[in-house]
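In: Would you be able to build a 3D model of this:
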Amino acid sequence: MATSLKAICFLASALCFLSLLGIDHAEASDHLFVEGKVYCDNCRAQFVTRISKYMAGAKVRLECKDIVDGKLTYSVDGETNASGSYHLKVEGIHDEEICEVALIESSDPECAEVDKENFLRKSARVGLTKDNGLSSDIRIANPLGFMVKERLPECAEVLRELGITSSGLV
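Out: A predicted model of the protein is given here:
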């Protein structure tokens with residue numbers, strides 16, 4: 001009787017240990033997801049306002065470059081859905097790389113300009129590592145926006161609500 005009880009305890013312990021190994025293996029997936037939104041900046045403010053419109057059909061690209069020599073190591077393209085959101089599956093972990101999502105093509109010819117000023121970031125940087133304390137496989141990129149050629153007339157009021165005037169902050 002004692003021998004069979006020991007055998008049952010040993011088998012139960014072995015099953016528990018093996019199930020823990022399975023959980024560890026399941027969490028060690030070799031992919032992540034990057035999600036974000038693309039909007040039309042109809043105030044040319046370079047941030048989302050209450051009158052910004054999210055763009056369906058806009059094209060984006062995620063590129064990862066080696067942190068030392070800057071060589072391209074990974075690239076994947078995506079397109080926004082009806083709500084202006086994109087969802088990119090990223091194969092592999094890119095710990096030692098700089099990864100950024102950039103605008104590729106607008107779906108609206110009236111809202112297709114990307115600011116060319118040197119000091120402006122034209123992409124959203126995303127950390128693609130699993131060694132950062134996040135339990136989710138999803139990484140969120142900052143919103144990216146195309147601009148209209150001329151701002152809408154209601155933009156002055158929208159920006160004033162935010163404390164921004166033509167001469168600067170209120």
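In: Show me what the helix or strand harbouring residue 112 is packed up against.
Out: Applying DSSP states H and E as the criterion places residue 112 in strand 111-113. For strand 111-113, the helices and strands in contact under the criterion 3 or more CB pairs under 8 Å, 6 or more residues apart in numbering; DSSP states H and E are strand 144-148. Bear in mind the C-beta positions are built from the backbone N, C-alpha and C, glycine included.
In: So for the strand it packs on, mean pLDDT?
Out: The average of the pLDDT scores along strand 144-148 is 95.
In: Kindly report the same for stretch 70-89.
Out: For stretch 70-89, the per-residue pLDDT values average out at 96.
In: for stretch 35-49, same thing?
Out: Averaging pLDDT along stretch 35-49 yields 94.
In: contacting residues around that stretch?
Out: Where contact means CB atoms under 8 Å, 6 or more residues apart in numbering, the residues beyond stretch 35-49 that reach it are 51-55, 58, 60, 80, 83-88, 101, 103, 108, 111, 115, 120, 124, 138-148, 151-152, 155, 158-159, 162, 164.
In: Try it again at 7 Å.
Out: Taking contacts as CB atoms under 7 Å, 6 or more residues apart in numbering, the residues outside stretch 35-49 that touch it are 51-55, 58, 60, 80, 84-87, 101, 103, 108, 111, 115, 120, 124, 138, 140-148, 151-152, 155, 158-159.
In: tell me what the helix or strand just after the strand holding residue 112 is packed against?
Out: Read in the C-terminal direction, the helix or strand following strand 111-113 is strand 123-126, with elements assigned using DSSP H and E. Contacting strand 123-126 under the criterion 3 or more CB pairs under 7 Å, 6 or more residues apart in numbering; DSSP states H and E are the following elements: strand 97-105.
In: List the buried residues of the strand it packs on.
Out: The neighbour-count criterion (16 or more other CB atoms under 10 Å) identifies 97, 98, 99, 100, 101, 103 as the buried residues of strand 97-105.
In: tell me the mean pLDDT over that strand?
Out: What strand 97-105 shows for mean pLDDT is 93.
In: then it to CSV, C-alphas only?
Out: As requested, C-alpha coordinates have been extracted for strand 97-105 and formatted as CSV (Å, rounded to 0.1, in the frame of the first residue of the first chain):
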residue,chain,number,x,y,z
GLU,A,97,18.1,46.4,-33.0
ILE,A,98,16.3,49.7,-33.4
CYS,A,99,12.8,49.1,-34.8
GLU,A,100,10.5,51.8,-36.2
VAL,A,101,7.1,52.0,-37.9
ALA,A,102,7.0,54.5,-40.7
LEU,A,103,4.4,55.8,-43.1
ILE,A,104,4.7,54.5,-46.7
GLU,A,105,1.6,55.5,-48.6
